[in-house]
Each structure stands twice: as structure tokens, then as C-alpha cells.
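Enquirer: let me see the structure of the following:
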Amino acid sequence: MIRRIFVLAGPMLCLAALSGCGQMTDLKPPPGKSLPVAPIGAGAQPESQDLLKPTTQAAPERSVELRKRSEEREDDPFDLPPE
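Expert: Predicted coordinates:
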């Protein structure tokens, strides 16, 4: 009987515990701490929201251009035969 209750209630308790993980609030440094120092050459210290935005290199835009027909490849000067 107890095992049946645990099997039924266990996933519900896990979902309830995980539901608090998705809260969307502004991030702030812990009390007594500050944000990292400004990078060299930056005019001002970045805010927490600026630090969370990924750079273009970290999250490049995806190219979804599809080929509609086959095309001949250009000669690749770096495609050398093995020595």
C-alpha cells in the first residue's frame, strides 16, 4: 500500500519541487558582493542583463538557406592529396 502511494505521489512531488526552478526574476548579486569589474576598454560596467546575453560567437545565427539544385564545387586549393 505504501509503495503504491509512493509510486503515485513521487512524480507529483518531483514536479512540484521543480516548478519553482523556472521563476523569471531579475538577477542581482548576493548581499555584500558586486558585479565583476568592467572589461578593459569598456566605458561602463555592464549590468547583469548585459552579462547574460550571449555574444554572436557563443550563439551564431543559423543559416536556413536550402539548396534547390546541385551545384559544382569550386576548386579547393587546400584539398591536397596525402603525401
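Enquirer: which secondary structure element of the protein has the lowest mean pLDDT?
Expert: Least confident helix or strand of the chain, by mean pLDDT, DSSP states H and E, is helix 2-18 with a mean of 69.
Enquirer: got any ranges where the chain has weak pLDDT?
Expert: 1-2, 5-8, 14, 16-24 (pLDDT under 70).
Enquirer: tell me where it has helices.
Expert: Using DSSP state H, the helices of the chain run over 2-18, 48-52.
Enquirer: now do the shortest one: everything it contacts.
Expert: By CB atoms under 8 Å, 6 or more residues apart in numbering, the surrounding residues in contact with helix 48-52 are Asp26, Leu27, Lys28, Pro29, Leu35, Pro36. C-beta coordinates here come from the backbone N, C-alpha and C atoms, glycine included.
Enquirer: show me how far it is from its chain's centre.
Expert: 13 Å (CA atoms, centre = their mean, to the nearest Å).
Enquirer: with only the CA atoms kept, save that helix in CSV.
Expert: Provided in CSV are the C-alpha atoms of helix 48-52 (Å, rounded to 0.1, in the frame of the first residue of the first chain):
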residue,chain,number,x,y,z
SER,A,48,23.5,41.8,-15.0
GLN,A,49,21.2,41.6,-18.0
ASP,A,50,24.0,42.5,-20.4
LEU,A,51,26.2,39.8,-18.9
LEU,A,52,23.5,37.2,-19.6
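Enquirer: report the buried residues of it.
Expert: Going by neighbour count (16 or more other CB atoms under 10 Å), nothing in helix 48-52 comes out as buried.
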